[in-house]
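Chemist: 3D model of this:
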Amino acid sequence: QVQLVESGGGLVQAGGSLRLSCVISVLTTNPYAMAWFRQAPGKEREFVAAISWDGRITRYVDFVKGRFTISRINARNTVYLQMNSLKPEDTAVYYCGLRLNNVGAPMTPTEYPYWGQGTQVTVSS
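Modeler: Numbers count the residues shown, from 1 in each chain. All right, here's what the predicted structure looks like:
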């Protein structure tokens with residue numbers, strides 16, 4: 001049984017910051033990859049950032065590099081997405097995804113079977 005619960009979204013002005021959290025409930029001692037994706041109205045879900053089990057591998061989509069940082073604290077079963085210098089085009093529902101038995105940091109949504117319910121991020125201009 002896997003459960004993911006995101007939090008931390010909200011309304012922020014352009015240039016502001018938010019930190020998203022994803023708390024994970026999973027009964028496994030095997031490594032698992034985590035990622036953040038986002039979906040704006042009328043658009044497909046798109047990759048934002050991913051992190052490997054040990055945090056040594058992180059991957060970002062180009063348009064968030066230098067602004068967003070993904071991290072995880074396994075002892076807290078939590079993955080974070082620190083978002084700085086937010087832009088109106090960052091407005092979307094943000095989802096965390098989990099892939100069991102994986103030591104990498106996959107970047108496509110089809111590689112993540114487990115998802116949270118999403119948290120809304122709205123950036124005003």
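Chemist: center of the protein, which residue is that?
Modeler: residue 36 (2.1 Å; CA atoms, centre = their mean).
Chemist: For it, give its distance to residue 46.
Modeler: Distance of residue 36 to residue 46, computed by CB to CB, to the nearest Å: 10 Å. C-beta here means a position set from N, CA and C on the backbone, and glycine is covered the same way.
Chemist: Also residue 69?
Modeler: 18 Å.
Chemist: Make sure residue 63 is indeed in a helix.
Modeler: Yes - assessed by DSSP: H, G, I helix; E, B strand; the rest coil, residue 63 belongs to a helix.
Chemist: contacting residues around the residue nearest to the centre of the chain?
Modeler: 20, 22, 48, 49, 50, 70, 79, 81, 94, 95, 96, 97 (CB atoms under 8 Å, 6 or more residues apart in numbering).
Chemist: Output stretch 5-23 as PDB, nothing but the C-alphas.
Modeler: C-alpha atoms of stretch 5-23 as PDB (Å, rounded to 0.1, in the frame of the first residue of the first chain):
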ATOM      1  CA  VAL A   5       0.100  13.400   0.300                       C
ATOM      2  CA  GLU A   6       1.300  16.700  -1.100                       C
ATOM      3  CA  SER A   7       1.000  20.100   0.700                       C
ATOM      4  CA  GLY A   8       2.500  23.500   0.600                       C
ATOM      5  CA  GLY A   9       0.800  24.900  -2.500                       C
ATOM      6  CA  GLY A  10      -1.000  28.300  -2.500                       C
ATOM      7  CA  LEU A  11      -1.200  31.700  -4.100                       C
ATOM      8  CA  VAL A  12       2.000  33.700  -4.400                       C
ATOM      9  CA  GLN A  13       3.100  36.800  -6.300                       C
ATOM     10  CA  ALA A  14       5.600  36.500  -9.200                       C
ATOM     11  CA  GLY A  15       9.100  36.400  -7.800                       C
ATOM     12  CA  GLY A  16       8.000  34.700  -4.600                       C
ATOM     13  CA  SER A  17       8.700  31.300  -3.200                       C
ATOM     14  CA  LEU A  18       6.900  28.200  -2.000                       C
ATOM     15  CA  ARG A  19       8.100  24.900  -0.600                       C
ATOM     16  CA  LEU A  20       6.000  21.800  -1.500                       C
ATOM     17  CA  SER A  21       6.100  18.700   0.600                       C
ATOM     18  CA  CYS A  22       5.100  15.100  -0.200                       C
ATOM     19  CA  VAL A  23       4.800  12.700   2.700                       C
END
